[in-house]
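Novice: I'll drop the sequence and a predicted model, then ask my questions.
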Amino acid sequence: MRTRTIGDVQVGAIGLGGMPMSIEGRPDRERSIRTIHAALDAGVTLIDTANSYNRDAGETGHNEELIAEALRSYGPGSDDVLVATKGGLVRPGDGTWLRDGRPESLKAAAKESARRLGVEAIGLYQFHRADPKVAYTDSIGALAELLDEGVIRMAGVSNAEVVMIDAAQEVLGGRLVSVQNQFSPRYAVTVGEMRHAVGMGLAFLPWSPLGGIAKAGALGARHQAFQDVADAHGVSPQQVALAWELSLSDRVIPIPGASRPESVEDSARAASLALDTAELAVLSATVGL
């Protein structure tokens, strides 16, 4: 698989989003472990998670623990995997997502995430979502302290507007390495944030790059151009969508979610799918870029 860079770390061009393996509708643990192992077999070396990826009360960090278990059981070859986790959201077990950007909460959450992942320092830690009750710069200040204390190796932000990206870079003293925002053919309104992040030399990590858990399967039906290009290459429209996103910049690293080995294997093949200039132009025009 082609590689891309986050900070000073090289990763595969396609990552794996772990959320579907831990929230509502999740598969059993054995299938989740097989899915993560299939990703590693396919050359995936970036796995995205968060302490809030859980379904029930009392299981904060469910996805982090699942990933840690899968990496331990995989054996040789998992040492090069960059696990990116996030803090700033919590799920109390009633289906809601609550924001908590208090610096003390973020610092405590990061240390708990490191414990669950079984690492001395988290490879990439990202502020999940702005908390309207807390100054954004105060929340990012917690990431700066975590960097200084060696709890995390790299820092990023998620669900961030341009002004937030700039503020984070200033508070972190130039140490921001990534922006993780929703972006897909269905949701391309964050293209401005993507271009801004790329222009700053940051990695841009599209979450829900296929349009979301419930809608990924209908991508070809919703966007006929992606289906047409897929048919011409004998691949899935999901592969085409990921290959198109990769073409936008060598700083873009999509992180499609998966809960089946077959899904992650299909996504990983997008890294080697070559689309010509005319096809890419049609796809971009279809989504208004």
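Specialist: Sure thing, it's come through.
Novice: can you give me the helices in the stretch 101-250 of the chain?
Specialist: Ranges of helices in the stretch 101-250 of the chain, per DSSP state H, counting those that start in this stretch, are 103-117, 136-149, 162-171, 191-199, 219-222, 224-233, 237-248.
Novice: Let me know which of those is tucked in deepest.
Specialist: helix 237-248 (a mean of 25; mean count of other CB atoms under 10 Å). For every residue, glycine as well, the C-beta is placed using N, CA and C.
Novice: Give me the packing partners of it, helices and strands only.
Specialist: Helix 237-248 sits against helix 219-222, helix 224-233, helix 261-268, helix 277-286, with contacts defined as 3 or more CB pairs under 8 Å, 6 or more residues apart in numbering; DSSP states H and E.
Novice: so which of those helices gets nearest Gly156?
Specialist: With CB to CB as the criterion, Gly156 lies closest to helix 261-268 of those, at 21.2 Å.
Novice: average pLDDT across that closest one?
Specialist: Averaged across helix 261-268, pLDDT comes to 97.
Novice: now swap in stretch 217-228 and tell me
Specialist: 88.
Novice: same check, this time on stretch 130-145
Specialist: Stretch 130-145 comes out at a mean pLDDT of 98.
Novice: Now do it: distance to the chain's middle.
Specialist: Put simply, stretch 130-145 sits 20 Å off its chain's centre (CA atoms, centre = their mean, to the nearest Å).
Novice: And stretch 93-107, by the same measure?
Specialist: That offset, for stretch 93-107, works out to 19 Å (CA atoms, centre = their mean).
Novice: Likewise for stretch 247-266?
Specialist: Distance, stretch centre to chain centre, for stretch 247-266: 9 Å (CA atoms, centre = their mean).
Novice: Put the alpha carbons of that stretch into PDB.
Specialist: C-alpha atoms of stretch 247-266 as PDB (Å, rounded to 0.1, in the frame of the first residue of the first chain):
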ATOM      1  CA  SER A 247      -6.300  12.100  -5.400                       C
ATOM      2  CA  LEU A 248      -7.200  15.400  -3.800                       C
ATOM      3  CA  SER A 249      -3.900  15.700  -1.900                       C
ATOM      4  CA  ASP A 250      -1.100  13.500  -0.700                       C
ATOM      5  CA  ARG A 251      -2.000  14.800   2.800                       C
ATOM      6  CA  VAL A 252      -5.500  13.200   2.700                       C
ATOM      7  CA  ILE A 253      -5.800   9.800   4.500                       C
ATOM      8  CA  PRO A 254      -9.400   8.500   4.500                       C
ATOM      9  CA  ILE A 255     -10.400   6.400   7.500                       C
ATOM     10  CA  PRO A 256     -13.400   4.300   6.500                       C
ATOM     11  CA  GLY A 257     -15.200   2.400   9.200                       C
ATOM     12  CA  ALA A 258     -15.600  -1.300   8.900                       C
ATOM     13  CA  SER A 259     -17.100  -4.200  10.900                       C
ATOM     14  CA  ARG A 260     -16.400  -7.000   8.400                       C
ATOM     15  CA  PRO A 261     -13.100  -8.200   7.000                       C
ATOM     16  CA  GLU A 262     -14.500  -8.000   3.500                       C
ATOM     17  CA  SER A 263     -15.200  -4.300   3.800                       C
ATOM     18  CA  VAL A 264     -11.800  -3.300   5.000                       C
ATOM     19  CA  GLU A 265     -10.100  -5.400   2.300                       C
ATOM     20  CA  ASP A 266     -12.200  -3.700  -0.300                       C
END
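Novice: residues in contact with the worst-scoring helix or strand of the chain on mean pLDDT?
Specialist: Every helix and strand of the chain was ranked by mean pLDDT, DSSP states H and E. The lowest is helix 219-222, at a mean of 83. Contacts with helix 219-222, where a contact means CB atoms under 8 Å, 6 or more residues apart in numbering, come from 185-186, 210-211, 215, 226-227, 230, 236-238, 241.
Novice: hang on, isn't Leu89 packed against Asn54?
Specialist: No. Under the criterion of CB atoms under 8 Å, Leu89 makes no contact with Asn54, lying 10.7 Å away.
Novice: So those two - more neighbours on which side?
Specialist: Neighbour totals were compared for Leu89 and Asn54, and Asn54 leads with 24 against 21 (other CB atoms under 10 Å).
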